[in-house]
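In: have a look at this prediction, sequence included:
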Amino acid sequence: MVVELYLDLLCQPCRSVYIFAKKNNIPFEFKHVELLKGEHLCEEFDKVNLLRKVPALRDGNFTLAESIAILLYLSRKFNTPDHWYPSDVQKRARVDEYLSWQHTAIRAQGCNFYRTKVLMPLLVGKPFPAERLERAVEDLKSTMKQFEEKFLQDKPFIVGSEISLADLMAIAELMQALGAGWDVFEGRPKLTEWRHRVEEAIGKELFREAHEVKRDGAKMFVDAPNETQRLTWC
Amino acid sequence: MGLELYLDLLSQPCRAVYIFAKKNNIPFTFKPVEVLKGEEGERFGKVNILRRVPALKDGAFTLAESMAILIYLSQKYKTPDHWYPSDIQRRARVDEYLSWQHVAIRANGVKLFWLKLAPEEKLQEAFEDLAVSLKQLEEKFLQDKPFIAGNRISLADLVAITELMQPVAIGYNIFENRPKLSEWRSRVEKFVGKELLQEARKVILSINDLSNMPLFKLFKTFGV
């Protein structure tokens, strides 16, 4: 039985998992969970992930939530090249450090920006409040500064000379802002160069494939229990 | 120069690191950082550019983020397997919890802690959010197992217990009326040992008066 990956490429961590699996030729079945249709909220999906979020994995009887756990599991099960999650204890710690920090930093600020700029107007039918958007932008800018100064510094990738899971998670988050109409790379040459390196390491075709999310922007959730659940899908 | 751990035992992740290192007899120099006194200045900035505790210094190597520190210590000092199991599915369970808790239990516990000073409705909201997380902890992560990853304690349980003590420390007994969680708590505490727990919790349990603390310092200490 092949691994099943429950994904919606609208969601950043799903793209990281998708790219990782494809890049490493990991055989899997793509199970599309359409977030905008509320498919993550149905009973069938509860069997895969009680937390009702994507991405999720099913490997026989084993189910798993959380993109980081999924990426690590796949890297171990399929023995992917060392650079993704280095066996050297200190290099590995650098990846762990980024993966831990990003939850409440780039990811949190990135999601907040996307929610305020795109999701709220889409779901609530009203334009975003200007001050909230401004604050979301400032928070994300401040986080990106920390990203450049603490995590990237003068290295080609977060952990050194090769791409790792850390870069994969980071690029997906920053592309989300791009998808919302803000070119976060503009005026940031170091970040731009890092982005190009990451794209090249992944492969331009696969990168584009993962980021071309076809969706009808006007679709609303159906039968979604409440606002919070609609807005915290991954 | 040996391993240095920069910790403020007021902070949950610091307690998790402290307990783990002590329980596994990992030799280290305890470098106390009192965040509330603004001690995370220039000197500490060299150890952790993010100026947050916990932080580790191992020769020239510095490291931030409690998850990264715990895993680094477990690998470098080859701690017993159950802490971070080599079986990839059990290990995945630990990773899953450690990932989820950042924006669930940790975020909600922290909110409740500093909201003690805030208006009643905000506190109520924080309570409800934490209740949702606790329900998920019981139904998704614990289920009918003795510990999160199975039969043995792991890093996931350690990180969880230190977070859950934070609301308890300010008077909210979140274990009350939650028998499954209470039983799990007893199992974890029994394994860690009363003495080590008391040592780690000494600071947080003596924190009586939060009202004189400047809010921004509260936020910084507890990683908000």
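Out: In hand now; what should we look at?
In: low-confidence stretches in the chain?
Out: Picking chain A for this. A:213-234 (pLDDT under 70).
In: um, chain B though
Out: In chain B, residues with pLDDT under 70: B:35-45, B:49-50, B:110-118, B:207-224.
In: which stretches in it count as strands?
Out: In chain B, the strands defined using DSSP state E lie at B:3-7, B:29-32, B:55-58, B:61-64.
In: closest one to chain A among the ones you listed?
Out: strand B:61-64 (5.4 Å; Cβ to the nearest Cβ). C-betas here are computed from N, CA, C, even on glycine.
In: hey, C-alpha coordinates of the closest one in PDB?
Out: Output in PDB follows, covering the C-alpha atoms of strand B:61-64 (Å, rounded to 0.1, in the frame of the first residue of the first chain):
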ATOM      1  CA  PHE B  61      28.400  26.200  18.800                       C
ATOM      2  CA  THR B  62      25.300  28.100  20.000                       C
ATOM      3  CA  LEU B  63      21.700  27.000  19.600                       C
ATOM      4  CA  ALA B  64      18.300  28.500  20.300                       C
END
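In: what's that strand packed up against?
Out: Packing partners of strand B:61-64 (3 or more Cβ pairs under 8 Å, 6 or more residues apart in numbering or on different chains; DSSP states H and E): helix A:89-101, strand B:55-58.
In: strand partners (parallel or antiparallel) of it?
Out: strand B:55-58 (antiparallel) (DSSP bridges).
In: as TSV, the helices and strands packed on strand B:61-64 with distance to B:Val103 and mean neighbour count would be great.
Out: Formatted as TSV, those follow (distance: least, Cβ to Cβ, whole Å; neighbours: other Cβ atoms under 10 Å in any protein chain shown):
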stretch	distance to B:Val103	mean neighbour count
helix A:89-101	12	22
strand B:55-58	22	24
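In: look up how far chain A lies from B:Leu130.
Out: 14 Å (Cβ to the nearest Cβ, to the nearest Å).
In: and what of B:Met165?
Out: Counting by Cβ to the nearest Cβ, the gap from B:Met165 to chain A is 20 Å.
In: count of residues packed around that residue?
Out: Neighbour count for B:Met165, taken as other Cβ atoms under 10 Å in any protein chain shown: 21.
In: buried sites along stretch A:102-121?
Out: A:102-120 (16 or more other Cβ atoms under 10 Å in any protein chain shown).
In: filter those residues down to just the ones in helices.
Out: A:106-114, A:120 (DSSP state H).
In: which one of the residues you listed is nearest to chain B?
Out: For those, the nearest to chain B is A:Ala108 (7.0 Å; Cβ to the nearest Cβ).
In: surely the closest one and A:Ser142 touch.
Out: No - judged on Cβ atoms under 8 Å, A:Ala108 makes no contact with A:Ser142 at a distance of 11.8 Å.
In: sorry, back to before: deepest in the core, which of the strands of chain B is it.
Out: strand B:55-58 (a mean of 24; mean count of other Cβ atoms under 10 Å in any protein chain shown).
In: dump the C-alpha coordinates for it into PDB.
Out: The C-alpha trace of strand B:55-58 is given here as PDB (Å, rounded to 0.1, in the frame of the first residue of the first chain):
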ATOM      1  CA  ALA B  55      19.900  28.900  24.700                       C
ATOM      2  CA  LEU B  56      22.800  26.500  24.500                       C
ATOM      3  CA  LYS B  57      26.500  27.000  24.100                       C
ATOM      4  CA  ASP B  58      28.700  24.100  23.300                       C
END
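In: what sits up against it?
Out: B:3-6, B:17, B:31, B:33, B:44, B:47-48, B:62-64, B:69, B:72-73, B:76 (Cβ atoms under 8 Å, 6 or more residues apart in numbering or on different chains).
In: what about the spatially closest residue to B:Phe175 that is not a sequence neighbour, distance to B:Asn173?
Out: Counting by Cβ to Cβ, 6 or more residues apart in numbering or on different chains, B:Phe175 lies nearest to B:Ser182, which is 4.6 Å off, once chain neighbours are set aside. Separation of B:Ser182 from B:Asn173 (Cβ to Cβ, to the nearest Å) stands at 10 Å.
In: those two: who's more crowded?
Out: B:Ser182 (14 against 10).
In: what's the closest of the ones in helices among the buried residues of stretch A:102-121 to A:Ile163?
Out: Closest approach to A:Ile163 among those (Cβ to Cβ): A:Ile106, at 16.7 Å.
In: next one: phi and psi at the spatially closest residue to B:Arg93 that is not a sequence neighbour?
Out: Closest residue to B:Arg93 apart from its sequence neighbours, by Cβ to Cβ, 6+ apart: B:Ala149 at 4.3 Å. When read as degrees, to the nearest 10, the backbone of B:Ala149 gives phi -90, psi 0.
In: can you count the residues close to B:Ala149?
Out: 27.
In: quick one: contacts for A:Ile158?
Out: Contacts of A:Ile158 (Cβ under 8 Å, 6+ apart): A:94-95, A:98, A:151-152, A:164, A:166-167, A:170.
In: let's see 6 Å
Out: Residues near A:Ile158 by Cβ atoms under 6 Å, 6 or more residues apart in numbering or on different chains: A:98, A:151, A:166-167.
In: secondary structure and distance to chain B added to these, as JSON lines?
Out: Output for the contacts of A:Ile158, formatted as JSON lines (DSSP: H, G, I helix; E, B strand; the rest coil; distance: Cβ to the nearest Cβ, whole Å):
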{"residue": "A:Tyr98", "secondary structure": "helix", "distance to chain B": "8"}
{"residue": "A:Phe151", "secondary structure": "helix", "distance to chain B": "9"}
{"residue": "A:Ala166", "secondary structure": "helix", "distance to chain B": "11"}
{"residue": "A:Asp167", "secondary structure": "helix", "distance to chain B": "16"}
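In: in TSV: these, plus distance to B:Glu199.
Out: As requested, these are arranged in TSV below (distance: Cβ to Cβ, whole Å):
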residue	distance to B:Glu199
A:Tyr98	31
A:Phe151	34
A:Ala166	34
A:Asp167	40
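In: determine which two of those are furthest apart.
Out: It's A:Phe151 and A:Asp167 that sit farthest apart of the contacts of A:Ile158, by Cβ to Cβ, at 9.6 Å.
In: give me the more crowded residue out of those two.
Out: For A:Phe151 versus A:Asp167, the count of surrounding residues by other Cβ under 10 Å is larger for A:Asp167: 26 against 23.
In: wait, doesn't the more buried one sit right on A:Phe157?
Out: Yes - using Cβ atoms under 6 Å, A:Asp167 is in contact with A:Phe157, at 5.1 Å.
In: how many other residues sit next to B:Gln136?
Out: 18.
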